[in-house]
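kindly generate the corresponding structure for this input.
(one chain, ligands or ions: 1)
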Amino acid sequence: MYLEVSDVKKSYGEGGSYIQVLKGVSLQVKQGDMCVIQGTSGSGKSTLLNCIGGLDTIESGSIKVDGIEIAGMKADELSDYRRDYLGFIFQFYNLVPNLTVRENIQVCEYLTDQPLNMDELLEILGLTEHQNKFPAQLSGGQQQRCAIARALIKNPKLLLCDEPTGALDSKTSRDILILLEKINATYGTTMLIVTHNNSIKNMVDQVVIVKDGQIRKDYYNETKVPAAELEDL
Ligand SMILES: Nc1ncnc2c1ncn2[C@@H]1O[C@H](COP(=O)(O)OP(=O)(O)OP(=O)(O)O)[C@@H](O)[C@H]1O
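Presented below is the predicted three-dimensional model:
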């Protein structure tokens, strides 16, 4: 298994504001699989993703990525782990406003010795003609594609997406999902996608439902539908 999460517990606050968010979460994802994490608001999805991404620490349990234990890593080790293994895509694009599309991506290109080819990636993402524009000159979908390019340029083995289509209309959401599908097929990138969109689960390999800090369902999707054919996006 590429990702192995075992009995992870995590809480926030103390006294009256104490809340146990992850109550012993276990989860496994195979290399190259796309996995959707769904659940009601406040169920702990983003917390789980942040813990896997080394953006937050866990209290107990284990998180192994490619056989490497990240629970208990120090801040500098976590930072190396994020640089070497991960790409992040969030609902809000987090682009640098005074850099062009190409420069925004270049900032992340320097993080690795073996980046993907910039021009090829721009082409795949439909950004070639927009590469010299600034974020404010782009549509929401173009900004998200630029954010995806930033996450992908270093060819991460694991892509963590938190509501990647949350701010997008249905057509643009589909375009972004088709891209994620293409990237998964081209580079074999393992993907975890947190989403409220109930349709996205139909295009992925594995579906995980979180409720109240616990995994309630975890199954393989035997009848995958291409993103281009998803209904009710
Ligand atoms: N840094 C924090 N400090 C205190 N409480 C937090 C913190 N982060 C998250 N929480 C709480 O943990 C619970 C789970 O939050 P989380 O963001 O993981 O849920 P979620 O399932 O991703 O929700 P949503 O679908 O609304 O984004 C919530 O009750 C939230 O208020």
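
please make it C-alpha for all contacts and neighbour counts, starting now.
Will do.

just the strands in this protein please.
Taking DSSP state E as the test, the strands found in the chain are 3-12, 19-29, 34-39, 60-65, 68-69, 86-89, 158-162, 190-194, 206-211, 214-220.

mind putting those strands in TSV, mean pLDDT and mean neighbour count included?
Output for those, formatted as TSV (pLDDT from 0 to 100; neighbours: other C-alpha atoms under 10 Å):
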stretch	mean pLDDT	mean neighbour count
strand 3-12	98	18
strand 19-29	97	18
strand 34-39	98	24
strand 60-65	98	19
strand 68-69	96	12
strand 86-89	93	23
strand 158-162	95	24
strand 190-194	97	26
strand 206-211	97	21
strand 214-220	97	15
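
export these to TSV and tack on distance to the ligand?
Below are the strands of the chain laid out as TSV (distance: least, C-alpha to the nearest ligand atom, whole Å):
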stretch	distance to the ligand
strand 3-12	5
strand 19-29	5
strand 34-39	6
strand 60-65	16
strand 68-69	21
strand 86-89	14
strand 158-162	8
strand 190-194	8
strand 206-211	8
strand 214-220	11
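
can you map out the helices along the chain?
Under the criterion DSSP state H, helices of the chain are mapped to 45-52, 75-85, 101-109, 118-124, 140-152, 170-187.

quick one: distance of the second one to the chain centre.
I take that to be helix 75-85. Centre-to-centre, helix 75-85 and its host chain are 16 Å apart (C-alpha atoms, centre = their mean, to the nearest Å).

kindly export it (C-alpha atoms) in PDB.
Extracted in PDB, the C-alpha atoms of helix 75-85 (Å, rounded to 0.1, in the frame of the first residue of the first chain):
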ATOM      1  CA  ALA A  75       9.400  20.200  11.600                       C
ATOM      2  CA  ASP A  76      12.400  20.200   9.200                       C
ATOM      3  CA  GLU A  77      11.800  16.500   8.400                       C
ATOM      4  CA  LEU A  78       8.100  17.200   7.600                       C
ATOM      5  CA  SER A  79       9.200  20.100   5.400                       C
ATOM      6  CA  ASP A  80      11.500  17.700   3.400                       C
ATOM      7  CA  TYR A  81       8.700  15.200   3.300                       C
ATOM      8  CA  ARG A  82       6.200  17.800   1.800                       C
ATOM      9  CA  ARG A  83       8.800  19.000  -0.700                       C
ATOM     10  CA  ASP A  84       9.900  15.500  -1.800                       C
ATOM     11  CA  TYR A  85       6.500  13.700  -1.900                       C
END
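
who are the neighbours in contact with residue 132?
100, 101, 102 (C-alpha atoms under 8 Å, 6 or more residues apart in numbering).

what subset of those residues is buried?
The neighbour count (16 or more other C-alpha atoms under 10 Å) marks 100, 101, 102 as buried among the contacts of residue 132.
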